[in-house]
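In: Kindly return the folded structure for what I paste below:
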Amino acid sequence: MTQEFLTAAQIEELNKPLASEAVRIRSQSGRNLSYIEGWWAIREANRIFGFGCWSQELVDVKCVSERERTIGQAKKPGWGVSYVATVRIVVSGIKREGVGAGHGIDVDLGQAHESAIKEAATDAMKRALMTFGNQFGLALYDKEQRQVEDAPASDRQVSEADRQAKKFVEHLLQKMEQVGIDADGIKTLKIILNVSDFSDVSESIRQKLIERLTPDYAKMLNSGKNSSGVQVLRITSAEIEASTEKLQEAANAAFG
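Out: Next up is the predicted model:
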């Protein structure tokens, strides 16, 4: 008989306020939206439910839009693709589903589809997990965010590697703004960094990434000619479970 309940300790964790450290902000249609990242949701599920004690299933995915569009300041011909997906989460026999959307923009139609499918699946996963409580972003649906702590997350939730990764990302985004990378280039590099164990890639490789962000390199990113970025993007965003060794190899190949 399948167990269909959560333990008291799990319920306690789920009901705790969401740490502000987990919250990210993005601008959309003139509004600032709060969200948690996909890798954070997966890590919290592993922490609260246990490794191998929960599962996710892609129930449905469909393309709802595919159109030609221009990309970047150079107005290079490209594609815009949108998908919707449904993901089912199962924890101790409890089933929850979420529906999400994803959008891909690329000069290559196949890569636009790939990006949109992954984003839709991740969005749907987060929406399904959200129904389990604050730690998966439920607290963000309250406009006043009364269940979001101002204090940093506990040491169990945020490791030193996470703090260093956040510091690196902040440095990277500042440099990107300085050299004039547009929204499409920023999106590409953000996707590269949305891998939990990218923080384990060596500091020397990170520094090379920062050094590569020159005005000339910004032009390549903005016009979709960033072969190095695409190479890392394909490898590091494939699966959140990718090993640190593979991430290091990807970074070395692109920036070493």
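
In: For the lengthiest strand in the chain, buried residues please.
Out: Identified as the longest strand of the chain according to DSSP state E is strand 54-71. Across strand 54-71, burial judged by 16 or more other Cβ atoms under 10 Å covers 54, 56, 61, 71. Backbone N, C-alpha and C define where each C-beta goes, glycine included.

In: Looking at those residues, which two lie furthest apart in space?
Out: Maximum pairwise distance in the buried residues of strand 54-71, criterion Cβ to Cβ, is 37.8 Å, between Trp54 and Ile71.

In: residues near Val84, how many?
Out: When neighbours are counted by other Cβ atoms under 10 Å, Val84 registers 18.

In: ok, it - contacts?
Out: Counting by Cβ atoms under 8 Å, 6 or more residues apart in numbering, Val84 touches 61-62, 64, 99-102, 120.

In: Could you export the helix or strand containing Glu44 as CSV, CA atoms only?
Out: Using DSSP states H and E, Glu44 falls within helix 38-49. The C-alpha trace of helix 38-49 is given here as CSV (Å, rounded to 0.1, in the frame of the first residue of the first chain):
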residue,chain,number,x,y,z
GLY,A,38,14.1,25.9,-10.8
TRP,A,39,17.4,24.5,-9.4
TRP,A,40,16.4,25.9,-6.0
ALA,A,41,13.0,24.2,-6.1
ILE,A,42,14.7,20.8,-7.0
ARG,A,43,17.2,21.2,-4.2
GLU,A,44,14.5,22.0,-1.6
ALA,A,45,12.5,19.0,-2.8
ASN,A,46,15.5,16.8,-2.2
ARG,A,47,16.2,18.4,1.2
ILE,A,48,12.6,18.2,2.5
PHE,A,49,11.3,15.0,0.9
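
In: Going along the chain, name the helices of the stretch 51-200 of the chain.
Out: Secondary structure of the stretch 51-200 of the chain (DSSP state H, counting those that start in this stretch): helices at 109-130, 160-179, 183-193.

In: lowest-confidence stretch among those helices?
Out: For these, mean pLDDT drops lowest on helix 183-193, to a mean of 58.

In: Skip the chain neighbours and tell me the closest residue to Gly38.
Out: Take Gly38 and drop its neighbours on the chain: the residue closest to it by Cβ to Cβ, 6 or more residues apart in numbering is Thr122, 4.1 Å away.

In: what about the one you found, distance to Leu213?
Out: 26 Å (Cβ to Cβ, to the nearest Å).

In: on that earlier part again, to what extent is the residue nearest to Gly38 buried, counted in neighbours?
Out: 22.

In: Any regions of this protein where pLDDT drops low?
Out: Residue ranges of the chain with pLDDT under 70: 1-4, 28-29, 150-170, 173, 182-209, 212, 217, 220-256.

In: can you list the domain ranges for it.
Out: Recorded structural domains for the chain (assignment: automatic domain parsing) are 8-149, 160-255.

In: before we move on, back to that, partner strands of the longest strand of the chain, with direction?
Out: Taking DSSP bridges as the criterion, strand 54-71 pairs within the sheet with strand 76-91 (antiparallel).

In: what's the closest non-adjacent residue to Lys95?
Out: Nearest non-adjacent residue to Lys95 (Cβ to Cβ, 6+ apart): Arg88, at 6.0 Å.

In: Verify the stated contact: the one you found with Ile94.
Out: No. Counting by Cβ atoms under 8 Å, Arg88 sits too far from Ile94 to count as a contact (10.8 Å).

In: quick one on the thing from earlier: orientation of the helix holding Glu44 relative to strand 54-71 in degrees?
Out: Interaxial angle of helix 38-49 relative to strand 54-71 (axes from the mean of the first three to the mean of the last three Cα atoms, to 10 degrees): 170 degrees.

In: Give me the buried positions along helix 38-49.
Out: Under the neighbour-count criterion of 16+ other Cβ under 10 Å, helix 38-49 has 38-45, 48-49 buried.
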